[in-house]
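J.: requesting a structural model of the entry that follows:
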Amino acid sequence: MPKPRKRQVSLNDTPYYHCIARCVRRAFLCGKDPLTGCDFEHRRQWLVDRMKRLADVFAIDLCAYAVMSNHYHLVLRIDQQQAADWYNREVVERWLRLFSGPDLARRWLEFDSLSDTEYHRLETLIKTWRQRLFDLSWFMRCLNEPIARMANQEDHCTGRFWEGRFKSQALLDERALLACMAYVDLNPVRAGMATTPESSEYTSIRERVHAPESQLLSFVGQYPEQHSLPFRFEHYLELVDWAARRMQSGKKGRISAQEPPILQRLSMNPDSVFDFLVKKPDLRFSALGPAHRLRAFARSVGAKFVHGLGLAEGLCPQPR
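T.: A predicted model of the protein is given here:
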């Protein structure tokens, strides 16, 4: 039985989440359907354009993405404090970039006078909109629903396009974040669709290499005045390149001379990291991180336990 979203998201434990959405009815999100010969490659750009538009409106940063033939991956950072710091006017302007909204909101923006009753109603709406603009479910809803409508119209059909709700995993420390971002960026290499990360179309790693001035959340040291990912870009590239080379060579054995230094600094077992990067993620894991953080997350979301303690021992070991 699916867990309610409040049992999967705890901003007190982490702002980082890995999200996955998959198509139903043997539908193609993107790519070419070998059965019908229809080419849906253009839908990849639909998704990339939409996620960037939403990242520009919501208090949610885009860390990593990969758009595959029947599913996509996102790694997102929720910035609750940013939403709290917005003036009321900015909240209204952002919301109206996505939705039509009530007439009184537009009148207020145009400096028309409102009655006391109308103003109190608007204040209630602004409070609701502010909450929604850093809500993971609302972000994914605003991403998936328009894509589903456009795809159904193109396919001349109705009904579900997405496989129920999206899946999400909380990333509880920088090691979990590092491994999950690399997993997302390596999707096309793992699927045999690309030979190198930088040639993997519709992935964040390719965008970061070919378009450094992108809307993606920056790495530490790139833009000191902005929020950033907690590791350097060159170290992340080392990890992704190392994993991609091992995937291409078929060598699962440990090659110590080629291990990225970031794995040593974060005390991450190279074999455990590589196993994680080449396997399909277990979506029972509602969170990824060290064992003590997993237990704390379980308490925060009201769960008796969370899956993933075995994985945590190798991927995110506790310091000795």
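J.: so who does Leu136 touch?
T.: Residues in contact with Leu136, defined by C-beta atoms under 8 Å, 6 or more residues apart in numbering, are 5, 9, 17, 19, 60, 76, 78, 168. (Glycine included, C-beta is placed from N, CA and C.)
J.: give me the buried positions along stretch 87-105.
T.: Neighbour-count burial for stretch 87-105, counted by 16 or more other C-beta atoms under 10 Å, picks out 91-92, 94-96, 98, 104-105.
J.: what's the distance between it and the middle of its chain?
T.: The gap between the average C-alpha position of stretch 87-105 and the chain average comes to 25 Å, counting by C-alpha atoms, centre = their mean, to the nearest Å.
J.: who's in contact with that stretch?
T.: Counting contacts by C-beta under 8 Å, 6+ apart, the residues outside stretch 87-105 that touch it are 54, 57-58, 83, 86, 106, 108-109, 114, 118, 121-123, 125-126, 129-130, 132-133, 142.
J.: that older thread, most surrounded residue in the contacts of Leu136?
T.: The member of those that has the most neighbours, counting by other C-beta atoms under 10 Å, is Ile60 with 28 neighbours.
J.: residue contacts, that residue?
T.: With contact taken as C-beta under 8 Å, 6+ apart, Ile60 is in contact with 54, 76-79, 134, 136, 139.
J.: which one of those residues sits closest to Gln215?
T.: Sorting the contacts of Ile60 by distance to Gln215 puts Leu54 at the head of the list, at 10.4 Å, by C-beta to C-beta.
J.: does the closest one touch Asn144 like I think?
T.: No. Here Leu54 lies out of contact with Asn144, judged by C-beta atoms under 8 Å, at a distance of 10.7 Å.
J.: more neighbours: those two, which one.
T.: Taking Leu54 and Asn144 together and counting by other C-beta under 10 Å, Leu54 has the greater number of neighbours (21 against 18).
J.: right, and the helix or strand after the helix or strand hosting that one?
T.: Assigned by DSSP states H and E, Leu54 belongs to helix 43-57. As assigned by DSSP H and E, the chain's next helix or strand after helix 43-57 is strand 60-67.
J.: run the angle between that next one and helix 43-57 for me.
T.: Using axes from the mean of the first three to the mean of the last three C-alpha atoms, to 10 degrees, the interaxial angle of strand 60-67 with respect to helix 43-57 works out to 170 degrees.
J.: where in the chain is pLDDT low?
T.: For the chain, the stretches flagged by pLDDT under 70 are 1-7, 25-36, 222-225, 249-258, 280-285, 305, 319-320.
J.: determine the longest helix present in it.
T.: Of all the elements of type helix in the chain, the one with the most residues (DSSP state H) is helix 136-155.
J.: what strands flank the next helix or strand after it, and is each parallel or antiparallel?
T.: Reading on from helix 136-155 to the C-terminus, the next helix or strand found by DSSP H and E is strand 167-171. Using DSSP bridges, the strands paired with strand 167-171 are strand 16-22 (antiparallel), strand 287-288 (parallel).
J.: just those strands: most buried one?
T.: With neighbours taken as mean count of other C-beta atoms under 10 Å, the strands paired with strand 167-171 reach their highest mean count in strand 287-288, at a mean of 30.
J.: now find how far off-centre it is within its chain.
T.: 14 Å.
J.: hmm, who's touching it?
T.: Contacts to strand 287-288, defined as C-beta under 8 Å, 6+ apart, come from residues 13, 18, 169-172, 176, 179-180, 293-294, 297-298, 306, 308, 311-312, 315-316.
J.: 7 Å instead?
T.: For strand 287-288, the surrounding residues in contact (C-beta atoms under 7 Å, 6 or more residues apart in numbering) are 169-172, 176, 180, 294, 297, 306, 308.
J.: kindly report the same for stretch 113-128.
T.: Contact with stretch 113-128 is made by 88, 91-92, 104-105, 107-108, as judged by C-beta under 7 Å, 6+ apart.
J.: try 10 Å
T.: 86-92, 95, 101-105, 107-108, 112 (C-beta atoms under 10 Å, 6 or more residues apart in numbering).
J.: then stretch 156-163?
T.: Contacts of stretch 156-163 with the rest of the structure, by C-beta under 10 Å, 6+ apart, involve 20-25, 27, 29, 70-71, 140, 144-145, 147-152, 155.
J.: report the buried residues of it.
T.: For stretch 156-163, a neighbour-count test (16+ other C-beta under 10 Å) marks 161-163 as buried.
J.: try stretch 296-304
T.: Neighbour counts over stretch 296-304 (16+ other C-beta under 10 Å) mark 296-298, 300-301, 303 as buried.
J.: excluding residues flanking it in the chain, which one is nearest Phe209?
T.: Small correction: residue 209 is Val, not Phe. Glu198 (4.6 Å; C-beta to C-beta, 6 or more residues apart in numbering).
J.: how far away is the one you found from Arg206?
T.: In this structure, Glu198 and Arg206 are separated by 6 Å, where distance is defined by C-beta to C-beta, to the nearest Å.
J.: who touches both of the two?
T.: Common contact partners of Glu198 and Arg206 (C-beta under 10 Å, 6+ apart): Asp185.
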